[in-house]
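# with the input below, show me the fold.
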Amino acid sequence: MSDGKRTTCQIQIAVQEAEPNISDEELRLCIEAQRTIEHFYMRALLDLIEAIREDLPASVLKMKGEFAWGTHERMFNAGKTPPEEWLGPDNIPGSPRQRERMDWAKRVYEKATGEKL
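Residues are numbered from 1 along each chain as shown. Now for the predicted structure:
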């Protein structure tokens, strides 16, 4: 743990234990870190499911399983990292770089679908 900041797992435990001194900022960053961690887990799982459904050779399944295991190890370690460190300065919700990317993604979505977010 760096700079005395709590890790994502420590914040989650504090929530489970109904600790009264959890800041809104801790919760906000913990949720965003957990959202990104979940994305990587989901992507790895879907990759394995697609490989099985496509009936790929055992060697390919084994390789994809190893990639999934690597994702699991990285995400496990991500939980032991303070959320702001895991996210990095450009991925903190509300940061100028993050807002810029979100605005760009919304424009692309609107152009592709005709729907405004």
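# next up, phi/psi of Pro82, please.
Per-residue torsions, Pro82: phi -60, psi 140 (degrees, to the nearest 10).
# for stretch 66-85, buried residues please.
Neighbour counts using 16 or more other CB atoms under 10 Å place 68, 71, 75, 78-79, 81-85 of stretch 66-85 among the buried residues. All C-beta atoms are positioned from the backbone trio N, CA, C, and that covers glycine.
# what mean pLDDT does the biggest helix by length in the chain have?
Counting by DSSP state H, the longest helix found in the chain is helix 24-53. The predicted model gives helix 24-53 an average pLDDT of 96.
# export the buried residues of stretch 66-85 to CSV and tack on distance to Glu32, pLDDT and secondary structure?
Putting the buried residues of stretch 66-85 into CSV (distance: CB to CB, whole Å; pLDDT from 0 to 100; DSSP: H, G, I helix; E, B strand; the rest coil) gives the following:
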residue, distance to Glu32, pLDDT, secondary structure
Ala68, 23, 96, helix
Thr71, 19, 97, helix
Met75, 14, 97, helix
Ala78, 12, 97, helix
Gly79, 13, 97, helix
Thr81, 13, 97, coil
Pro82, 12, 97, coil
Pro83, 7, 97, helix
Glu84, 9, 96, helix
Glu85, 12, 96, helix
